[in-house]
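K.L.:
I need the structure of the sequence given here:
(2 chains)
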Amino acid sequence: MRVGNVQGGRNAYRFAIQMSLTDTTQLALETAMRGTWMRQTLISNNIANANTPGYQRETLDFSGAMQAALANGESPTQVALKPEVQAATAGPEGNGVSIDQESALGAENGLEYEADVHVMQARDEILRSAMGL
Amino acid sequence: MGLFDAIEIAGSGLTAERVRMDVTSENLANAQTTRTANGQPYQRQEVVLSQNGTPADFGSTLAGAQSAQGPAGGVEVSGIVSDKTPDQLVYDPGNPEANAQGYVAMPNVNTVTEMVDLISESRSYQSDVTAMQTSKSMFTATLELLK
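P.N.:
Numbers count the residues shown, from 1 in each chain, chains lettered A, B, ... in the order given. Down below sits the predicted model:
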């Protein structure tokens, strides 16, 4: 586990492997969960508006920003979660929403969220056992 | 951002698709109605959908709603309008509604179009249900964290 740029000898090593309630992994997990939750809302909106003339689908992709933040040692909480509008691609109504595609993305997104929850649960388990609870 | 936004949005989709199904049923039921309250043949009705209360894009509304409480999109039925396609003239001199030339003005309803619309409506409805179910299982997963 990488925690910032820690200088120094033995203490630095001890600090680097330390797991805490608010370390980078935990913050990254929280941001990822917030992002996937937001994306689920966007997918719901895309599906609800699949028959609205002129509607343009919206999406959220934060994986690149998250990767960059983690590589540069920045806090994952600084990752911007900004939905993007995708210009309509096809259809006589100028509506680029494909219901099948959105449903697939919705299922994928739900699984991604549950994976995050499972990792969080596992970390919770470790901390609990460390505390002897 | 409200916890149940995704579920409420899917709910608005369900409502809108139900209205569309009701209107399609009405069209099918009146496919042969030659006389309505105004004496004219039945006119095909159509539902107009619009994105709920968001003049700008949904994303900025959602981002704004994260700090404050407020609705975050969805779809709404902004109106039910008559289809302006002319009536179909059918030659049936025996019909009491026939004009001097023996033609009867039949509603501008095409049953095949209505059936295809019905398929699209029911598929959209199912997709809304799926989106709602996924959101629900995500929420349940979050609750598991509290155990």
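
K.L.:
right, is the host helix or strand of residue B:117 up against chain A?
P.N.:
Here residue B:117 sits within helix B:111-144, counting by DSSP states H and E. Yes - shown here: helix B:111-144 in contact with chain A (Cβ under 8 Å from any Cβ of the partner chain) through B:120, B:123-124, B:127-128, B:130-132, B:134-135, B:137-138, B:141-142, B:144. Backbone N, C-alpha and C define where each C-beta goes, glycine included.

K.L.:
Helix or strand next in line after the lowest-mean-pLDDT helix or strand in chain A, which one?
P.N.:
Least confident helix or strand of chain A, by mean pLDDT, DSSP states H and E, is helix A:10-16 with a mean of 48. Moving toward the C-terminus from helix A:10-16, the next helix or strand (DSSP H and E) is helix A:24-48.

K.L.:
so for the following helix or strand past that following helix, what's the average pLDDT?
P.N.:
Downstream of helix A:24-48, the first helix or strand assigned by DSSP H and E is strand A:58-59. Regarding strand A:58-59, the rounded mean pLDDT is 90.

K.L.:
Direction included, what does strand A:58-59 pair against?
P.N.:
Here strand A:58-59 has these sheet partners by DSSP bridges: strand A:84-85 (antiparallel).

K.L.:
Following the strand it pairs with in sequence, what is the next regular element?
P.N.:
helix A:99-131.

K.L.:
tilt between that next one and helix B:111-144?
P.N.:
Angle of helix A:99-131 versus helix B:111-144, following axes from the mean of the first three to the mean of the last three Cα atoms, to 10 degrees, is 10 degrees.

K.L.:
starting at the chain centroid, how far to helix A:99-131?
P.N.:
Between the centre of helix A:99-131 and the centre of its chain there are 10 Å (Cα atoms, centre = their mean, to the nearest Å).

K.L.:
Chain A contacts on chain B?
P.N.:
So far as Cβ under 8 Å from any Cβ goes, chain B lies against chain A at B:1, B:5-7, B:9-10, B:12-13, B:16-17, B:20, B:49-51, B:57-59, B:62-63, B:72-75, B:120, B:123-124, B:127-128, B:130-132, B:134-135, B:137-138, B:141-142, B:144-145.

K.L.:
follow-up on the earlier one: list the buried residues in the helix holding residue B:117.
P.N.:
Using 16 or more other Cβ atoms under 10 Å in any protein chain shown as the test for burial, helix B:111-144 gives B:114, B:117-118, B:121, B:124-125, B:127-128, B:130-132, B:134-135, B:138-139, B:141-142.

K.L.:
Okay, and the beta partners of residue A:59?
P.N.:
Taking DSSP bridges as the rule, residue A:59 bridges to residue A:84.

K.L.:
thought it was touching residue A:39?
P.N.:
Yes - look at residue A:59 against residue A:39 with Cβ atoms under 8 Å: they come within range, at 7.3 Å.
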